[in-house]
Each structure stands twice: as C-alpha cells, then as structure tokens.
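[1] Model the structure of this input:
(one chain, ligands or ions: 4)
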Amino acid sequence: MAKMYYEKDANLDVLEGKKVAVLGYGSQGHAHALNLKDSGVDVVVGLYEGSKSWDKVKEDGLTVMNVEDAVKVSNVIMMLLPDTKQKKVFDDNVKANLKEGDALAFAHGFNIHFNQIVPPENVDVFMVAPKGPGHLVRRVYKEGKGVPALFAVYQDYTSNAKELSLAYASGIGATRAGVLETTFKEETETDLFGEQAVLCGGVTELIKAGFDTLVKAGYQKEIAYFECLHEMKLIVDLLYEGGFEKMRYSISDTAEYGDYMVGKRIVNEDTRKEMEQVLKEIQNGKFAKDWIVENEINRPVFNSFRNKELEHPIVEVGKNLREMMSWIND
Ligand SMILES: NC(=O)C1=CN([C@@H]2O[C@H](COP(=O)(O)OP(=O)(O)OC[C@H]3O[C@@H](n4cnc5c(N)ncnc54)[C@H](OP(=O)(O)O)[C@@H]3O)[C@@H](O)[C@H]2O)C=CC1
Ligand SMILES: CC[C@](O)(C(C)=O)C(=O)O
Ligand SMILES: [Mg+2]
Ligand SMILES: [Mg+2]
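    Ligands and ions are numbered 1, 2, ... in the order given. Okay, the predicted model is just below:
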C-alpha cells in the first residue's frame, strides 16, 4: 500500500518566516493563496499588470504585485499559471529573480517533465498537485475538509524540500484528506491520462452519447439531461463516498443488473485498447508536443472545439433547468 501522509506528518511551522508567492489567481491560484492565508502562511500573489484578477486579489484581502516583485520578496514560488504560459513567464520574469535556496513549486508536472522549464541548480523544486479542481480545493477547505494531493521532490538543494512540500500541502488543506509521494513523471502521465480518458474527455463524451441517443429516439431533451448529466453527479457522489459498493447498495437491483450486463458493452475491449494508445501518446510526448504547437499557433483547434461544444443542445437545456434549481450556483 502507498505511504500516505496526513496532518500529523506535516509541520506547517516549516513555512514560518517564509513568504509564499502564488503566481496566478485562477482556479488553483485563488484556492492555494486563500487556503494558505487562512492557514496562517504569509502569501503574496503575482500577476501580470492588467490581469482581470488583480482587483479580485485585493478584494480577497491579499497583497498583489507583478511576477518579478512577487518572486523577489518570496522564498517559495508556486507556479499556478496556465501550463502553456509557464515557460515564457519562467524564462522572462521568474528565473532571474530566484535566490539561492528558494523553492520553485508546481501543481502539475507538465513543464518540468517535458523539459519546458529548466530550473537553476541552487533552488528546491517540488510539486503539490491537488487531485481536484481549484474551486473545490477552496470550497472543501472552508468546510474544514481537504482535497487529496500528490507531492514530489524534483530537486532537493536545501535537503528540506520534502518537509517544505508537506508543509505546503498542509497549508492548502490537502493533508486533511491524504497526500501521497510521487514523481513529476508519474503525476504528469497519470493526470493527463485521467483528465483525457476518464474525468473530462471520457465523461463528457459518455454523457453526450447517452443524451444524443435518447433525444434521437424522440424522448424529451429535459429527461435526457436529467438522466445522463444531472444524475451523474448524484451517482458520482455515492462513488466518492463509498466506492462502487455504496453506489450499488443505493441503486435498485434492476439498475445493478443492467450495470453488469451493459457497462462492458459500452466501455468494451476497443475502448480499453484506445485507452492504452492514449496513454502511449502521453508517455512518448506526442500529446505534449501537439499541445505546445497548438499554443504556438494560437489554438485554432482548441478554439474551434470550444465554440462547437457550446452549440450542443445539452448546453441550452441544462442552462434552463439549472436556473430553476436555486441551490445550484454556477
Ligand atoms: N484547474 C485545476 O483545478 C487544476 C490545475 N492544475 C494545475 O495548476 C496550474 C494552474 O492552472 P489553473 O489554475 O487551471 O489556471 P487558470 O487558467 O485557472 O489561471 C491562470 C492564472 O494565471 C494568470 N496568468 C496568465 N498569464 C499570466 C502571466 N503572464 N503572468 C502572470 N499571471 C498570468 C491568469 O490571469 P487572469 O486572471 O488575468 O486570467 C490566471 O489568474 C496548471 O499547472 C494546472 O495544470 C492542477 C490541478 C488541478
Ligand atoms: C481533471 C482535470 C485536472 O487535472 C484537475 C482538476 O485535476 C486539471 O488539469 O484541471
Ligand atoms: Mg488533475
Ligand atoms: Mg490536469
């Protein structure tokens, strides 16, 4: 069994007397910065001038400065910029301002693993990668809970990088749920695979395929939405709380029989073979190369998919139905 680290294994005092610069204030950035602040850590946020989040940081009671200044005044620099912007910001604004013994930190291993960022030798390099979206990292922290995370040490210049990683994980609430040691390679490959094949790509295509099948057969699209998208969350809540066992305990025997008979017809041997291929393309760097090039040419494929997805009928029906459920906020 993997070694797990919890609250008792982390010492937040390791961050005492240090300042943490959280670069970026998006999904992960706002969550790390606010959780660290609420944990008593000294935090500044680094952004570019003109960022749409600049005023939000101030409204949230944090100090904001440009990236160069944030790096200069800090000892731990957490890179929470989009993966595709990290290399340029690191080369142009971060690198020259790092001091001996600082720590450069990541929430995803992409840029280190695929050699986009080459850190100087005289700093620690670690990762604390929450296994959940940033908005949930913040929400569950406020509820006194945590999102699990992975941590990894890539470079241990100070011989203190592991303690520092665990302290950071504690500061964002992750040690409340459990933290697991990994490498940048393992985190990068598994994270990319998970989001592509299962969590994001897999789930959205499964939902759309179910919705489209019902609507094509003449059923009301509102029913198709409730059946294939809305109830997904309720089923996944049971999986989250108690695994397959709790979900199958709660559903009817009729649903459980259908689950055993039909699941493997949907996710079949061909799907599993394709998953293996997807994993190979992550491991051999094909996905990373395609994504880097796509960004160099200003994202034509990405933008076209993003626009096309908004035209799918599930978008409008979902919007209308969610508006009637006052407890759901965007
Ligand atoms: N999204 C998630 O939940 C998860 C993300 N991660 C990782 O966390 C990292 C951050 O991702 P995510 O939170 O999604 O990113 P977002 O796109 O949500 O936020 C990026 C932030 O960086 C700011 N930014 C953009 N360009 C610059 C720049 N040149 N200088 C300074 N700031 C800049 C943006 O500014 P502005 O506000 O003006 O747009 C924004 O605040 C990535 O490595 C990602 O893989 C890991 C786990 C989960
Ligand atoms: C599942 C997507 C994710 O890996 C995450 C929220 O963990 C991401 O990159 O946003
Ligand atoms: Mg992830
Ligand atoms: Mg990811």
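[2] For the rest of this, base every contact and every neighbour count on C-alpha atoms.
    Noted.
[3] How many residues are close by the residue nearest to Val73 when sequence neighbours are not counted?
    Nearest residue to Val73 in three dimensions, chain neighbours excluded: Lys19, at 7.3 Å (Cα to Cα, 6 or more residues apart in numbering). The tally of other residues near Lys19 (other Cα atoms under 10 Å) stands at 18.
[4] measure Lys19 to ligand 2 for me?
    Lys19 sits 26 Å away from ligand 2, going by Cα to the nearest ligand atom, to the nearest Å.
[5] For that residue, give me the pLDDT.
    pLDDT recorded at Lys19 is 98.
[6] Isn't it up against Val71?
    No: the criterion here is Cα atoms under 8 Å, and Lys19 misses it with Val71 at 9.6 Å.
[7] Show residues contacting stretch 174-192.
    Outside of stretch 174-192, the residues within contact range by Cα atoms under 8 Å, 6 or more residues apart in numbering are 2-7, 10, 108-110, 112-113, 127, 129-130, 145-154, 166, 169-170, 279, 282-283.
[8] Listing request: residues of the stretch 201-330 of the chain with sub-threshold pLDDT.
    Within the stretch 201-330 of the chain, the segments meeting pLDDT under 70 span 330.
[9] Nearest spatial neighbour of the closest residue to ligand 1 within it, chain-adjacent residues omitted?
    Ligand 1 sits closest to Ala288 of the stretch 201-330 of the chain, with a gap of 12.4 Å, by Cα to the nearest ligand atom. Counting by Cα to Cα, 6+ apart, the nearest residue to Ala288 once its immediate chain neighbours are dropped is Ile282, at 7.0 Å.
[10] Make sure I have this right: that neighbour is in a helix.
    Yes: assignment of Ile282 by DSSP: H, G, I helix; E, B strand; the rest coil places it within a helix.
[11] Report the contact partners of it.
    By Cα under 8 Å, 6+ apart, the contact list for Ile282 reads Glu189, Leu192, Phe193, Ala288.
[12] Test my guess that the last one contacts Ile112.
    No: taking contacts as Cα under 8 Å, Ala288 lies outside contact range of Ile112: 11.8 Å.
[13] give me the number of residues near whichever residue of the chain sits closest to ligand 2?
    Residue nearest to ligand 2 within the chain: Pro133 (3.6 Å; Cα to the nearest ligand atom). Pro133 has 12 neighbours, counted by other Cα under 10 Å.
[14] show me what contacts it?
    Ser27, Gln28.
[15] Any chance of the backbone angles for it?
    Phi and psi for Pro133, reported as degrees, to the nearest 10, are phi -60, psi 150.
[16] And Leu81, by the same measure?
    Backbone torsions of Leu81, given as degrees, to the nearest 10, read phi -90, psi 160.
[17] tell me the contacts of it?
    Leu81 neighbours (Cα under 8 Å, 6+ apart): Leu23, Gly24, Tyr25, Gly26, Gly29.
[18] Just flag the most distant two among those.
    For the contacts of Leu81, the maximum inter-member distance is 9.4 Å, found between Leu23 and Gly26 (Cα to Cα).
[19] which parts of the helix or strand where Arg248 lies are buried?
    For Arg248, the host element (DSSP states H and E) is helix 231-250. The neighbour-count check on helix 231-250 (16 or more other Cα atoms under 10 Å) flags Ile235, Leu238, Met247, Arg248 as buried.
[20] Now render the residues you listed as TSV, adding distance to Met325.
    Below are the buried residues of helix 231-250 laid out as TSV (distance: Cα to Cα, whole Å):
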residue	distance to Met325
Ile235	18
Leu238	21
Met247	24
Arg248	27
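[21] same for ligand 2: which of those residues are within range?
    With the criterion set as Cα under 6 Å from any ligand atom, no member of the buried residues of helix 231-250 is near ligand 2.
[22] Could you single out the nearest of those residues to Asn35?
    Leu238 (26.7 Å).
[23] Could you grab the helix/strand/coil label for the residue found closest to Leu136 once you drop the neighbours it is linked to in the chain?
    Closest residue to Leu136 apart from its sequence neighbours, by Cα to Cα, 6+ apart: Val147 at 7.5 Å. Following three-state DSSP, Val147 is assigned to coil.
[24] quick one on the thing from earlier: quick one, which of Leu23 and Gly26 is more surrounded?
    Leu23 (29 against 16).
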